[in-house]
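In: Sharing a sequence plus its predicted fold:
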Amino acid sequence: MGKIILVTGGARSGKSSFAERLAEKIGNGRAAYIATAQIFDDEMNFRVKLHQARRGKNWTTFEAPFAAEEKIFEAGKIFDAILFDCVTIYVSNFLCAANLDDEKFLYDELRARIQKLIDAAKNSDAVTIFVSNEVGGGIVPENKLARRFRDLAGLANQMLAAQSEKVFLTVAGLAVDLKKLEEKL
């Protein structure tokens, strides 16, 4: 039975580098990387290259902007640790391909897609580490698309956190295990 760990935090909080070190530790120096980003411009290309250089050669990358549960299943047969980076880009990919006018569809379909990720991770023999941005700490966005993104990313994070063995919040490069501090009601 696979395990899930969620690593969340704000932009440039150190969440990806922490998650990479954690995956390397769990995977004894080898891990799978599920990349959700699609490269559409020079800025994203630069960011992807930074992540690749930091990971090094002991990683095997699986590209999965959509239907990532298939890649989790595939990687889980080979690796002890899988790093899924990142949930918020995965949500963004979904939003960019969806009909934004059907709010019920957006919520129902996102729930189904995140549940598929959870099921794939739980049914593997690996530890799957999901990286996600914490996007709800700022002001309410002024436009509908940004509000939908914030709400759906928050929903995805809550679903993953509920199924996670550990949930780390990163701030300034430091990680705190929120499950240890959780108030259970």
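Out: Cool, the structure landed. Residues are numbered from 1 along each chain as shown.

In: these two touch, right, Ser92 and Arg150?
Out: No: the criterion here is Cβ atoms under 8 Å, and Ser92 misses it with Arg150 at 11.2 Å. For the C-beta atoms, the positions are set from N, CA and C on the backbone; glycine is no exception.

In: Give the other helices and strands that the helix or strand bottoming out on mean pLDDT in the chain contacts.
Out: Scoring the helices and strands of the chain by mean pLDDT, DSSP states H and E places helix 42-55 at the bottom, with a mean of 82. Helix 42-55 sits against helix 15-26, with contacts defined as 3 or more Cβ pairs under 8 Å, 6 or more residues apart in numbering; DSSP states H and E.

In: Okay, buried residues for the helix it packs on please.
Out: 15-20, 22-24, 26 (16 or more other Cβ atoms under 10 Å).

In: Including pLDDT and distance to Glu134, could those residues go into CSV?
Out: Shown next, in CSV, are those (pLDDT from 0 to 100; distance: Cβ to Cβ, whole Å):
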residue, pLDDT, distance to Glu134
Lys15, 96, 9
Ser16, 94, 13
Ser17, 93, 16
Phe18, 97, 14
Ala19, 97, 14
Glu20, 95, 18
Leu22, 97, 17
Ala23, 97, 20
Glu24, 95, 23
Ile26, 97, 23
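
In: which among those residues gets closest to Leu155?
Out: Lys15 (18.7 Å; Cβ to Cβ).

In: residues in contact with the closest one?
Out: Shown in contact with Lys15 (Cβ atoms under 8 Å, 6 or more residues apart in numbering): 7-9, 131-133, 168, 170, 175.

In: Identify those among the residues you listed that sit within strands.
Out: 7-9, 131-133, 168, 170, 175 (DSSP state E).

In: Okay, helices next: where are they in the protein?
Out: 15-26, 42-55, 68-76, 87-97, 103-122, 144-163, 178-181 (DSSP state H).

In: May I ask which of the ones in strands among the contacts of Lys15 has the most neighbours?
Out: Tallying neighbours with other Cβ atoms under 10 Å puts Val7 at the head of the ones in strands among the contacts of Lys15, with 30 neighbours.

In: re the thing from before, select, out of the helices of the chain, the one closest to Thr36.
Out: Across the helices of the chain, closest to Thr36 is helix 87-97 (Cβ to Cβ), at 4.4 Å.

In: looking just at contacts, which helices and strands does that closest one meet?
Out: helix 103-122, strand 127-133, helix 144-163.
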